[in-house]
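**Student:** any chance you can model this:
(2 chains)
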Amino acid sequence: MSISTKQVKLGHGGGGRMAIQFLDEVIRPRFSNTALDSLDDAALLKLESDRIAMSSDSMIVKPVEFAGGNIGKLAICGTANDLAVSGARPRFLSMALIIEEGLDFALLERLLDSAAETASSIGVSIVCGDTKVVPRGEVDGIFFNTTGIGELDPRLSLGIGRIRTGDAVLSSGTLGDHGATIMVARESLGITGGLSSDCAPVAELCSRLYELGNDLHFMRDPTRGGLIAVASEIVHQQKFSIRLFAKHIPLKGATRAACELVGVDPLSLACEGRVITVVAADAAESALELMRADPLGAEAAIIGEVIENPAGRLLLQTSIGTERVIIQADEDPLPRIC
Amino acid sequence: MSLGAQGNAFQSPELTKALAERIDATLQGRPLRIMHVCGTHEHAVGNYALRSLFPPSVKLIGGPGCPVCVCPAADIEQAMQLARQGLIVATFGDMMRVPANQQSLADLRSEGADLRIVGSVADAVHLARANPDRELVFFAVGFETTACTFAAAVLADPPKNFSMLTSIRQTPPAVDALQTLDDNKLDGYLLPGHVCAVIGLKPFAHLNEQGAFLSVAGFEPVEIMHGLLLIAEQARDEAPRADNAYRRLVRYDGNTAAIRAMQQAFKLADSTWRGIGSIPGSGYVLRDELETLDARKRYDLPPSENIDASMPKGCACGEVLTGQIAPQQCPSYGRSCTPPHPLGPCMVSFEGSCRIAYTFEGFDREN
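**Tutor:** All right, here's what the predicted structure looks like:
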């Protein structure tokens, strides 16, 4: 590579030869595909369905590298997962970078390698993008935006409106791991051992669940605000409530311990590789089996039920068998986690 | 927090229920009004909905167990003064958001003052070392649980640019003051686990002579129920004692090293408790020989005379802190006072009764 530089410079994101060189030597080799290789001002694409889903996510996570992932991997997972839980197979992504002048070049390459690897693992192509570099201090390190489109599976009709009393609520795995990892890294708590982000692309796991067809009522990835945000949104102003069972909610020991230490509820922390599903009651066991067949779903569990009375509440049966409401906090316990 | 499947033995549902049944069998309908003086106890009780397991005749009331809540506005104003002078002022996260008279430290920070959140006094010392060209003041707010760490820090040769603005209170004098309240109908106290881990049970034992039933308890469901059971047994036998349901951490004489450190660093002083008033001999200030570490002397802060012990307008935290009303009975609760827009400190602090009530119960607009 003829770019021999240790740091990202303003020119890499400008309109001159440095920017062309950046595109040719840093971006194209990693993300090569038909659309990108013949890129003009827009990617020219062909889709197999006329029912498409589109989603966008900006990544501002700090720190940019953390146990279990980095902002590059997160950028792909964030958007691809949003498409997957909407019932769409993710196909194409755009990727825009806003970089602070002086960012370590080797770091940038690591982040882009992760993005490329993650995209490739789920058959997603980065077909267009943009790179901007701003002077030192005008942005914090590097921010990503990805916008993606996917093809909707015709068997599915997903949404809060499909949820019924008696439905089962499931989680594809342990909760709060991403948020806890970021929290510990940021607070410099000096906690080591066992904590790792759950950041992962869930497209494969979701596509297994599509087999449930009409019995699959709702899916969401619990990012900002965690399970509590998702469940609170579901019950808001509805005629039903959700009761969660603390005993059945899978939590990693390290996540639980870190949360106890800091005084944060792991159920309010973000996950970046988990799916919360609501399915018809008699499809619950099948849903569990389908998820557990996926490497990311080994610890899938039924964590709650949709109940008729009261209305519009999120309830928790505690680990000691008592019951209380869960109130969604007005503010995020932790900023800049994704 | 709502923890999942693998709790520890102190979270055993069977044990917790068995203890609840024992309490019921022991009391056989006898009413029992117990106060706790620890925000962390209130949080645990709310988190596990423990009150739903108590026999109906048992009432556990929250008291002034929140050091951030009882820190007078005058002390916060002094911290603001130092920040306005360009010093680095470091303090705990929830101390930043407590409204003083007009604004909070967090408001001042958004105006450009250099206020930093730290998790401990050790972090503040670390910050001072990392900024040798600046003066740093640690706004030291707490009860005995953190006071011993403050003492350890001042005795461990802190950097020359470090000092403390102290706002330290002791728990036993507060409990004594609660005993003198005219309408006090308390039968006893569930004593604070971490405070007692430091100072032991001894400083509270004299309350037995006034007929108060006492037990210290830890913070897990089984531990809290165990503490209440020991109190219930004292009530049944009409035999006040200072029982210990937290033996894994608390000794009757306390932690002698921690007590010694506090004696070396601090001397007793009268102290004002926001929302309550002045309680004689209830505070700790730095000893005279440590005056270079005392921000009030070092920066010549005007003495806090005529300290207004009141809460902000419209705030009834004082009555909540003394257990006279429950948070839900404050007219501002959930209406003009919520966690994002708090009127008073009880809705700000993680150990504040109002914030805890809001966290676990919210606000029912129909009621």
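
**Student:** which residues touch the helix or strand harbouring residue B:148?
**Tutor:** When elements are assigned from DSSP states H and E, residue B:148 belongs to helix B:144-155. With C-beta atoms under 8 Å, 6 or more residues apart in numbering or on different chains as the test, helix B:144-155 has contacts from B:67, B:120-122, B:124-125, B:138, B:140, B:142, B:164, B:166, B:168, B:170-171, B:192, B:194-195, B:197-199, B:255, B:258-259, B:261-262, B:264-266, B:284, B:286, B:290, B:293. For every residue, glycine as well, the C-beta is placed using N, CA and C.

**Student:** in helices, which of those fall?
**Tutor:** B:121-122, B:124-125, B:171, B:194-195, B:197-199, B:258-259, B:261-262, B:264-265 (DSSP state H).

**Student:** the strands in the stretch 1-150 of chain A, which residues?
**Tutor:** Assigned by DSSP state E, counting those that start in this stretch, the stretch 1-150 of chain A shows strands spanning A:52-59, A:65-66, A:69-70, A:88-100, A:125-134, A:142-152.

**Student:** go through the ones you listed and name the closest to residue B:178.
**Tutor:** Smallest distance to residue B:178 across the strands of the stretch 1-150 of chain A (C-beta to C-beta): 47.1 Å, for strand A:65-66.

**Student:** got the phi/psi numbers for residue B:57?
**Tutor:** For residue B:57, the backbone dihedrals (degrees, to the nearest 10) come out as phi -80, psi 0.

**Student:** actually residue B:179, sorry about that
**Tutor:** Torsion angles, degrees, to the nearest 10, at residue B:179: phi -60, psi -30.

**Student:** how near is it to residue B:353?
**Tutor:** 20 Å (C-beta to C-beta, to the nearest Å).

**Student:** which one's more surrounded, those two?
**Tutor:** residue B:353 (30 against 14; other C-beta atoms under 10 Å in any protein chain shown).

**Student:** surely residue A:89 touches residue A:207?
**Tutor:** Yes: here residue A:89 lies in contact with residue A:207, judged by C-beta atoms under 8 Å, at a distance of 6.6 Å.

**Student:** so where's the longest helix in the chain?
**Tutor:** Since no chain was named, I'll use chain A. In chain A, with assignment by DSSP H, the single longest helix is helix A:105-121.

**Student:** sorry, I should have been clearer: chain B.
**Tutor:** Counting residues, the longest helix in chain B under DSSP H turns out to be helix B:221-237.

**Student:** once you drop chain neighbours, what's closest to residue 22?
**Tutor:** Just going to use chain A. In space, and not counting its chain neighbours, residue A:22 is closest to residue A:12: 4.4 Å by C-beta to C-beta, 6 or more residues apart in numbering or on different chains.

**Student:** not what I meant, chain B
**Tutor:** Sequence neighbours aside, residue B:229 is the residue nearest to residue B:22 in space, at 5.6 Å (criterion: C-beta to C-beta, 6+ apart).

**Student:** then residue A:311?
**Tutor:** residue A:239 (5.1 Å).

**Student:** my read: that neighbour touches residue A:309, true?
**Tutor:** No: under the criterion of C-beta under 8 Å, residue A:239 makes no contact with residue A:309, lying 9.6 Å away.

**Student:** just to revisit the earlier point, ok, and the most crowded of the ones in helices among the contacts of helix B:144-155?
**Tutor:** The residue in the ones in helices among the contacts of helix B:144-155 with the most neighbours, by other C-beta under 10 Å, is residue B:124 (27 neighbours).

**Student:** that's a helix at residue B:189, yeah?
**Tutor:** No: read with DSSP: H, G, I helix; E, B strand; the rest coil, residue B:189 is strand and lies in no helix.

**Student:** which secondary element of the chain has the worst mean pLDDT?
**Tutor:** If you meant another chain, say so; for now it's chain A. Using mean pLDDT, DSSP states H and E, the weakest-scoring helix or strand in chain A turns out to be helix A:34-37, at a mean of 84.

**Student:** hm, I was asking about chain B
**Tutor:** Confidence across the helices and strands of chain B bottoms out at helix B:93-96, with a mean of 89, counting by mean pLDDT, DSSP H and E.

**Student:** by contact count, what packs against that helix?
**Tutor:** In this structure, helix B:93-96 makes packing contacts with helix B:105-110, strand B:115-117, judged by 3 or more C-beta pairs under 8 Å, 6 or more residues apart in numbering or on different chains; DSSP states H and E.

**Student:** can you list these in TSV and add distance to residue A:105?
**Tutor:** Below are the helices and strands packed on helix B:93-96 laid out as TSV (distance: least, C-beta to C-beta, whole Å):
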stretch	distance to residue A:105
helix B:105-110	35
strand B:115-117	32
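
**Student:** alright, I will stop here.
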